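> Quick check, what structure comes out for this input:
(one chain, ligands or ions: 1)
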Amino acid sequence: MISGIQQRVAGIELSSTAARKAALGYLEPLKDLVRTILEKDPGYLPHPSVYEYNALSPDLRPNVLFDFVVGNPPYVRHPNLSKKLRMVRREGYLAATGRFDEYVLFFELALRLLKRKGTLAFLSSDRFLTSSYGSGLRRLLLDRTHISWIIRLPEEVFEGVSAYPIATVASKIEDHGQLSAITRYLDLRGKRAFKSFNSETKIFPPPGAIEIPQSDLGPGSWSFVPRWASEFIGRLRKSMPHLDSIAEEIRSGIATGANDVFVFHGKPSNIESELLLPVLAAPDIQKGQINWSGNYVLNPYQITNSELGPVDLARFPRARAYLESQRGFLEEKYHSKKAGKSWYVTHDIIDSRMLSAKKIVTPDLATSNRFAVDTGHFVCLNTCYVLLFPERTPLETLAAILDSSLLEFIFKLATPRASGNHYRYMKQFIKSLPVPDPSNMPSDLISHLSSAYRDKDWNAINEIVFDFYEVPERARRRISDSVSQSQP
Ligand SMILES: C[S@@+](CC[C@H](N)C(=O)[O-])C[C@H]1O[C@@H](n2cnc3c(N)ncnc32)[C@H](O)[C@@H]1O
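All right, here's what the predicted structure looks like:
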C-alpha cells in the first residue's frame, strides 16, 4: 500500500530543511502502517516521494500527470528576481507578465502537471486578482480552467506575514465551451466567519458565498459583486462616466525623501517664511473636512519663467544654514546620490502653484471614503492623493458623491483590502469610479449636494445619490449595511 501511495502522491520542495519536514508530514498519516511493517521487517526504510528540486526548473518533466496539485507557493517579489531570471521566466511562462511575483508561475506549473479535469488548490496572495502583474495568470485561469472557488482567508493564516491570503480552486478544462461555469467567492476574513466555516459548514454553498458566472470575470481586475448588486453595478459602470474622464489629473502627493528634514510641525522661525508651505498628510483629511495639523513643508523649488528648478539658496541664508546643517544626511539620500539631483531638494518636485489650486484630496490608505475639498490652501504629502478638475467644477458636489455610501460600496468592491480593514485609495482604483459629469447635472441637484456637503448631512447625501444613480430600493439597505460592516 505504501509503495502505491508513493507512486501516486509526490511533493517538490527546494529547501532541504523544508523537504525533510515535508517528508515527515508525508509519513505522519502513514505512521501506524509503517510501524506494522517495521515489526515484520526491522530494516524497512520508507521513502516518501518528496523531491528536493526546483519546481520551476525547465528540466522538470514528470512522467505522470496528477489528478490534484495542492500548494502554497513561495512569494518572491519582482525586485528580488535577477534580470536574467525574469527573462527566463518570461520566456517559459505565460503567467510571467508585468512585475510578476514568482507565486503566479506555480499556478501555471500546476496546470502543466495536471491531467485533464484535474484540480489545483492553492493558497496564495490575493494580489493577482487585481494587480496589473496578475493579468497573465488571470488570462490563463480564465482560458484553461473552471475556477470553482476563490476564498479570502483571515490575514492571520500566515503568522507574521502580511499576505492577504486567498485559496483558489480551479479545474483544468480543455474545451472552453463551458461558459456557464459558476465561480464561487467567499470572504472568510472575519475570524468568526473563518471559525464557523471550519467547524460547522455542512451547507453547500456556504452562506455568504457569491456565485457569478465565470464569464463575468474579464481580463481586467476581478471583483466579486454579489448577485443582488450585479445588475445595477453593471449598468452604472457602463452608463456613467469614469472619474478620470472628468478629472484633469489624479496625482499622488509629494514624496520628500526625508520628512524629518523637510516637514515641520508649526512654522519654524529659522527658515524664510516664503519657503514654507502648509502641507497635508493623510490624518489631516477626514470625510468632507480638512483638519490641518499645522504642518509645513520646506519647499526647495522655485519657479523661474514658468520652469521649476532648485531654489537659489544664496537668496535664503536661513534656509541655507538649516539645510547645510542636514547636508551629510541629505547627500546620502537616493535622489541626490543616484538620481543626480541637487543635494538639498526633495525627492519629488514641489510646485507651489498647487497650493492655490482648488482640489479634492483623499488619504491614500483609509478604512472608509474620506474625500474632502481644499479650496486652495495646501500642498499634500505622498500619503494623500490629489484630484484636479477643470475650473468651475462643483467640487463640493463631487466630494459629496465620492463620500456617499454608494460610492464607498462600489470602491470597496473593486479594491483589494490592505491590512487592518484599510483600503488603498490609489489612482488606479479611484480613476474608474462612476461619477456623473457635473456639466450634465441639474443645477438644483448640484446645489443640494454641495449644501449637504457643507452641512455634513451624510444621510441626505446618501439618499440623493441613491436616487440619482437609480439604485433599486431593495439594494439600498444592503449597501448601507455592507458599508458599515466594512468599517472597523
Ligand atoms: C510559502 S512556503 C510553503 C511551505 C509549505 N508548503 C507549507 O505550506 O507550509 C513556500 C515553499 O516553497 C519552497 N520553494 C521556493 N521556491 C521553490 C522552487 N522553485 N521549487 C520548489 N520549492 C520552492 C520554499 O522553500 C518554501 O518552503
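> which SS class is residue 360?
What DSSP: H, G, I helix; E, B strand; the rest coil gives for residue 360 is strand.
> Now that we're looking at it, what pLDDT does it have?
Note for residue 360: predicted pLDDT of 98.
> Beta-bridge partners for the nearest residue to it once chain neighbours are set aside, please?
Spatial nearest neighbour of residue 360, chain neighbours left out: residue 387 (4.2 Å); criterion: Cβ to Cβ, 6 or more residues apart in numbering. To be clear about C-beta, it is placed using only N, CA and C from the backbone, and glycine gets the same treatment. Per DSSP bridges, the residues bridged to residue 387 are residue 250, residue 360.
> list the contacts for residue 387?
243, 247, 249, 250, 359, 360, 361, 362, 371, 430 (Cβ atoms under 8 Å, 6 or more residues apart in numbering).
> same thing but at 6 Å, please
With contact set as Cβ atoms under 6 Å, 6 or more residues apart in numbering, residue 387 has these partners: 247, 250, 360.
> is it true that the last one touches residue 399?
Yes: checked against Cβ atoms under 6 Å, the pair residue 360 and residue 399 is within contact range at 5.2 Å.
> Mutual contacts of those two, please.
With Cβ under 6 Å, 6+ apart, residue 360 and residue 399 have common neighbours 371, 373.
> which stretches of the protein aren't confidently modelled?
For the chain, the stretches flagged by pLDDT under 70 are 157-162, 175-179, 190-193, 198-204, 334-339.
> interface residues of it facing the ligand?
12, 13, 14, 15, 18, 54, 55, 56, 72, 74 (Cβ under 6 Å from any ligand atom).
> Are any of those residues buried, and if so which?
12, 13, 55, 56, 74 (16 or more other Cβ atoms under 10 Å).
> so which of the residues you listed would you say is closest to residue 126?
residue 74 (16.0 Å; Cβ to Cβ).
> that's a helix at that closest one, yeah?
No: secondary structure of residue 74 (three-state DSSP): coil, not part of a helix.
> how much space between the residue of the stretch 301-450 of the chain found nearest the ligand and residue 314?
Using Cβ to the nearest ligand atom, residue 419 is the residue of the stretch 301-450 of the chain that sits closest to the ligand, at 18.2 Å. For residue 419, the distance to residue 314 equals 47 Å [Cβ to Cβ, to the nearest Å].
> what does residue 223 give?
55 Å.
> Then residue 221?
Residue 221 is 51 Å from residue 314, by Cβ to Cβ.
> ok, the two, which is more surrounded?
Between residue 221 and residue 314, residue 221 has the larger neighbour count (other Cβ atoms under 10 Å), namely 19 against 7.
> And for the nearest residue to the more buried one once chain neighbours are set aside, the neighbour number?
Once flanking residues are discounted, residue 221 sits nearest to residue 130: 4.2 Å by Cβ to Cβ, 6+ apart. Using other Cβ under 10 Å, residue 130 has 17 other residues around it.
> Do you have the helices of the stretch 351-488 of the chain handy? List them.
395-402, 405-414, 427-430, 443-455, 458-468, 473-486 (DSSP state H, counting those that start in this stretch).
> now do the same end-to-end measure for stretch 249-257.
23 Å (Cα to Cα, to the nearest Å).
> ugh, wrong one, I meant stretch 33-48
Start-to-end, stretch 33-48 (Cα to Cα) is 13 Å.
> about what we covered before: state the pair within the residues of the chain next to the ligand that is farthest apart.
54 and 72 (16.5 Å).
> Pick the most deeply packed of the helices of the stretch 351-488 of the chain.
Of the helices of the stretch 351-488 of the chain, the one with the most neighbours on average (mean count of other Cβ atoms under 10 Å) is helix 395-402, at a mean of 25.
> Against which helices or strands is that helix packed?
Counting contacts by 3 or more Cβ pairs under 6 Å, 6 or more residues apart in numbering; DSSP states H and E, helix 395-402 packs against strand 372-374, helix 443-455.
> what sits against the residue nearest in space to the middle of the chain?
Centroid check for the chain by Cα atoms, centre = their mean gives residue 416 as the closest residue, at 4.3 Å. For residue 416, the contacting residues are 126, 130, by Cβ under 6 Å, 6+ apart.
> Other residues contacting stretch 477-488?
367, 368, 405, 408, 409, 412, 421.
> Tell me how many other residues crowd the nearest residue to residue 265 once chain neighbours are set aside.
Spatially, and ignoring its direct neighbours in sequence, residue 265 is nearest to residue 295 (5.7 Å; Cβ to Cβ, 6+ apart). Residue 295: 21 surrounding residues under other Cβ under 10 Å.
> From the ligand, how far out is residue 295?
41 Å (Cβ to the nearest ligand atom, to the nearest Å).
> who are the neighbours in contact with that residue?
Residues in contact with residue 295, defined by Cβ under 6 Å, 6+ apart, are 263, 265, 279.
> tell me which element the last one falls in.
I take that to be residue 279. Element membership for residue 279 (DSSP states H and E) is strand 276-280.
> So which elements touch that strand?
Using 3+ Cβ pairs under 6 Å, 6+ apart: strand 276-280 touches strand 295-298, strand 379-380.
> Look up how far the ligand lies from the closest residue to residue 58 other than its chain neighbours.
Leaving aside its sequence neighbours, residue 58 sits nearest to residue 92 (Cβ to Cβ, 6+ apart; 6.2 Å). Distance, residue 92 to the ligand, by Cβ to the nearest ligand atom: 12 Å.
> For residue 92, grab the count of nearby residues.
Quick note: residue 92 (other Cβ under 10 Å) scores 15 neighbours.
> ok, residue 168 to residue 293 distance?
On the measure of Cβ to Cβ, residue 168 and residue 293 end up 43 Å apart.
> of these two, who's got more company?
Shown here are residue 168 and residue 293; by other Cβ under 10 Å, residue 168 has more neighbours (22 against 12).
> ok, that one - contacts?
Counting by Cβ under 6 Å, 6+ apart, residue 168 makes contact with 122, 150.
> now with 10 Å?
With Cβ atoms under 10 Å, 6 or more residues apart in numbering as the criterion, the residues that contact residue 168 are 107, 110, 120-124, 126, 128-129, 137, 141, 145, 147-151.
> again, but for residue 91
residue 58.
> What of the one 4 residues further on?
Residue 95 sits next to 89, 102-109, 111, 128, 133-141 when contact means Cβ under 10 Å, 6+ apart.
> In terms of helix, strand or coil, where does it fall?
coil.
> measure it to residue 101 for me?
10 Å.
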